[in-house]
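Visitor: My questions concern the predicted model and sequence given below.
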Amino acid sequence: MKEIIITLAEIVNNIHDILTDMFGLHMTDKELHFWVMGFIGMAIFFFVYIFFKLLEKLKWSTTIFSFVYTFTIMIVIVFAIELQQAITNRGNMEFADAVMGLWGFLVMFFIYAVIACVIYFAIKFIKK
């Protein structure tokens with residue numbers, strides 16, 4: 001996990017150097033963050049907007065929205081915990097730990113989905 005973070009930091013630093021060299025942009029870190037994060041945020045927004053517009057046409061769109069939102073929050077929480085372990089030296093900061101945490105959520109959500117579907121179809125069958 002530590003190696004992944006270091007690699008990501010190197011990629012960001014290389015992008016910073018490319019922007020400076022190619023475009024002659026000499027910005028402070030705050031200015032660079034403003035522009036780069038602004039563009040990244042808008043790109044993500046448009047992708048999510050289109051994705052959610054497609055999802056809202058589906059039958060169980062609220063459940064799907066809830067899952068997507070919860071999964072996003074779980075990713076943030078899992079990586080925050082891993083970073084906290086690295087900072088405090090309580091536990092090992094490993095990517096595998098983060099993946100297993102997310103698998104835990106996915107498995108439990110799958111169990112919920114199966115139970116919910118069984119109940120849904122049982123009620124539908126009983127009503128007929």
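Guide: Alright, I've got the coordinates.
Visitor: When you work out contacts or count neighbours from here on, use the C-alpha atoms and nothing else.
Guide: Noted.
Visitor: Could you list the low-confidence segments of the protein?
Guide: 1, 23-25 (pLDDT under 70).
Visitor: Quick one: the helices in it, in order.
Guide: For the chain, the helices defined by DSSP state H cover 2-23, 29-55, 61-88, 95-127.
Visitor: Please identify the most buried of those.
Guide: helix 61-88 (a mean of 14; mean count of other Cα atoms under 10 Å).
Visitor: For that one, enumerate the helices and strands it packs against.
Guide: Helix 61-88 sits against helix 29-55, helix 95-127, with contacts defined as 3 or more Cα pairs under 8 Å, 6 or more residues apart in numbering; DSSP states H and E.
Visitor: The same query, at a cut-off of 10 Å, please.
Guide: helix 2-23, helix 29-55, helix 95-127 (3 or more Cα pairs under 10 Å, 6 or more residues apart in numbering; DSSP states H and E).
Visitor: Make TSV from those and add distance to A80 to it.
Guide: Below are the helices and strands packed on helix 61-88 laid out as TSV (distance: least, Cα to Cα, whole Å):
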stretch	distance to A80
helix 2-23	12
helix 29-55	20
helix 95-127	10
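Visitor: Which one of those helices lies nearest to I81?
Guide: Within the helices and strands packed on helix 61-88, the stretch nearest I81 is helix 95-127; the backing value is 8.5 Å (Cα to Cα).
Visitor: can you give me how far that closest one is from the chain middle?
Guide: On the basis of Cα atoms, centre = their mean, to the nearest Å, helix 95-127 sits 19 Å off its chain's mean C-alpha point.
Visitor: Compute the distance between the residue nearest to the spatial centre of the chain and F34, please.
Guide: Closest residue to the average C-alpha location of the chain: T72 at 4.1 Å, with Cα atoms, centre = their mean. Distance from T72 to F34, counting by Cα to Cα, to the nearest Å: 23 Å.
Visitor: Domain ranges for the chain, per the record?
Guide: Domains of the chain are assigned by automatic domain parsing as 1-57, 58-128.
Visitor: quick one on the thing from earlier: quick one: contacts for the residue nearest to the centre of the chain?
Guide: Contacts of T72 were listed using Cα atoms under 10 Å, 6 or more residues apart in numbering, and they are S66.
Visitor: go again using 7 Å as the cut-off
Guide: The contact partners of T72, by Cα atoms under 7 Å, 6 or more residues apart in numbering, come to none.
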